[in-house]
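Trainee: quick one: sequence plus predicted model below, questions after.
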Amino acid sequence: MVGPARPQFVLFGSSIVQLGFGQGGWGAILADIYARKADIVLRGYFGWNSRRAIQVLDQVFPKDAALQPSLVIVYFGGNDSMGPQSCGLGPHVPLPEYIENMRKIATHLQSLSEETRIIFLSCPPVNEHKIHENTSQIFSEMVRTNELCQSYSEACRKLCQEIGVKVVDLFSALQKRDDWMDACFTDGLHLSAEGNKIVVGRY
């Protein structure tokens, strides 16, 4: 390490977190804003859901680490909210399990340090038409709808109100733009530069 330790901000989640460090991504914007003030650490994984997240909590956030994060931003829900497949595979996590998984994540993070701040991002909406256009026949059974996204987003918000964790309501924030379906996504699911700006603007 060069020089004294800086505050550490950890971004933990699925592909919307992983892609957040791409050009114009919300993680990259935060890294620019906090350049020389904090270290932004990416822990985003394509395809992950809340079930997978709780399996690695101790590895990603060890309680005995010499330096605990000053801020953790958590996003899971987009993959969890996908409709279940008949074969039983896929990233879907039933809503009651999703809520409990997110509760476990919050509890673990709250135990790291009294100084660790936590922000959850709720499930954003999707452009269903564009997703359908981009879906291959192999993945045609993997259903993404705004009805499902909204139910997981509302569940995340209610949980955060219950346990005292700050939440950014992405489902509502993105839809404040009249042209959100076209402006906020690259493929109907992942965020465009405009969508990423909205995420950063909500902190």
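Mentor: Received it, and whenever you're ready, just let me know what you need. Numbers count the residues shown, from 1 in each chain.
Trainee: please count neighbours and contacts with C-alpha atoms only from this point.
Mentor: Noted.
Trainee: check contacts around the spatially most central residue of the chain.
Mentor: Residue closest to the mean C-alpha point of the chain, counted by Cα atoms, centre = their mean, is Y75 at 1.8 Å. Counting by Cα atoms under 8 Å, 6 or more residues apart in numbering, Y75 makes contact with F12, G13, S14, I16, V17, F120, L121, S122, C123.
Trainee: ok, 10 Å please
Mentor: Each residue near Y75 by Cα atoms under 10 Å, 6 or more residues apart in numbering is listed here: 11-17, 44, 49-50, 102, 119-123, 156, 168.
Trainee: likewise for H190?
Mentor: S15, I16, V17, L19, G20, G78, P124, V126, N127, C184, N196.
Trainee: and with 7 Å instead?
Mentor: By Cα atoms under 7 Å, 6 or more residues apart in numbering, the contact set of H190 is I16.
Trainee: check what pLDDT it gets.
Mentor: Per-residue pLDDT puts H190 at 93.
Trainee: and Y75, by the same measure?
Mentor: Value listed for Y75 in the pLDDT field: 98.
Trainee: okay, and the beta partners of the residue nearest to the centre of the chain?
Mentor: G13, L121 (DSSP bridges).
Trainee: in space, what's closest to S111 - neighbours in sequence excluded?
Mentor: For S111, the nearest residue in space outside its immediate sequence neighbours is K63; the separation is 7.6 Å by Cα to Cα, 6 or more residues apart in numbering.
Trainee: any regions of the chain where pLDDT drops low?
Mentor: 1-4, 85-89, 134-142, 202-203 (pLDDT under 70).
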